[in-house]
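K.L.:
what would the 3D arrangement of this be:
(one chain, ligands or ions: 2)
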Amino acid sequence: MPGWPDTFDFDTDPVCQTQFKPFIKEELASLRAYDDERPDEKTYIFHQHAARVAKDVKKTCLHLGLSSITANNMYWAALPHDIGKRLLPLDMWDSEEKPTGEIKKVRRMHTLLGVQIVEDLFSDVEHPFKDLMIDIMAHHHEQLDSKGTLGKSGEDLSQPVRLAAIVEAYDGYRIWRPHFGDRDISPPAVLNRMREEKGPEIYDMDLLEAFAEMKINEYNIIKTFEEN
Ligand SMILES: [Fe+2]
Ligand SMILES: [Fe+2]
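P.N.:
Ligands and ions are numbered 1, 2, ... in the order given. Take a look at the predicted model:
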């Protein structure tokens, strides 16, 4: 299983720069156009979620002591994780109610739909970044207890996937949606919810705690700044 991506440098690698970077930018622009077609009152805006997730993934990598090259490679691989969403019907997303099992199932098809986009376009390209991007795209809704979207077992989930799954779930819980009601969605409350209600069956707890530490440090800095 692939570990942290440290065998190439996205910023200097010619294939990354000439093929994957323009691809990711185009896909995010398409996701933005898709978001623009959704109702105005939506709170979960996909292309903004993608940007936040990629940044948080990068920051957590640095917090873990990984190199800036690895952290940057992870940034670019996390950015397109939800591109498959734009292939689903618009009315899939913005219901007032909590989504039913059936709707959830269709929504979750975005993982493999995204992979299909990559496979179709880059069928003749072999590159570790492609493998990493596909790994995160396909598996970011998997769980360690194998009860995730595709039923992959925890042993098959790479470190990059485990981290992306945590960061992306956190970002989802931090965005208020109608069915959340008056739930506390502050950073500490969301992190506690992930620890207590979800926990080790779903997440890699070492990575969750590293992410939480990074996030709480950041939260405390912002709070101090706001108080003064
Ligand atoms: Fe997703
Ligand atoms: Fe996501």
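
K.L.:
may I see the buried residues of stretch 197-213?
P.N.:
Buried residues in stretch 197-213, counted by 16 or more other CB atoms under 10 Å: 202-204, 207-208, 210-212. (Each C-beta comes from the backbone N, C-alpha and C, glycine too.)

K.L.:
can you check stretch 41-58 too?
P.N.:
Those would be 44, 46-47, 49-51, 53-54, 56-58, for stretch 41-58 by 16+ other CB under 10 Å.

K.L.:
farthest-separated two in the buried residues of stretch 197-213?
P.N.:
Farthest apart among these by CB to CB are I202 and A210. That separation is 16.1 Å.

K.L.:
how close does the residue nearest to T60 when sequence neighbours are not counted sit to P160?
P.N.:
Distances taken as CB to CB, 6 or more residues apart in numbering place F211 nearest to T60, at 4.8 Å, with adjacent residues excluded. Using CB to CB, to the nearest Å, we find F211 at a distance of 13 Å from P160.

K.L.:
look up the pLDDT of the most centrally placed residue in the chain for me, please.
P.N.:
Centroid check for the chain by CA atoms, centre = their mean gives E168 as the closest residue, at 3.7 Å. pLDDT for E168: 97.

K.L.:
contacting residues for it?
P.N.:
E168 makes contacts with 49, 53, 78, 81-82, 140, as judged by CB atoms under 8 Å, 6 or more residues apart in numbering.

K.L.:
and ligand 2, which of those reach it?
P.N.:
Checking these against ligand 2 by CB under 5 Å from the ion, the ones in range are D82.

K.L.:
in helices, which of the contacts of E168 appear?
P.N.:
Among the contacts of E168, DSSP state H puts 49, 53, 78 in helices.

K.L.:
would you turn those into CSV with distance to D11 and pLDDT?
P.N.:
Conversion of the ones in helices among the contacts of E168 to CSV gives the following (distance: CB to CB, whole Å; pLDDT from 0 to 100):
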residue, distance to D11, pLDDT
H49, 24, 98
V53, 19, 98
A78, 15, 98
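
K.L.:
mind checking how far P22 is from ligand 2?
P.N.:
Separation of P22 from ligand 2 (CB to the ion, to the nearest Å): 22 Å.

K.L.:
which element is that residue on?
P.N.:
Using DSSP states H and E, P22 sits within helix 21-37.

K.L.:
can you give me the buried ones in that helix?
P.N.:
Residues of helix 21-37 classed as buried: 21, 23-24, 27-28, 31, 34-35 (neighbour count, 16+ other CB under 10 Å).
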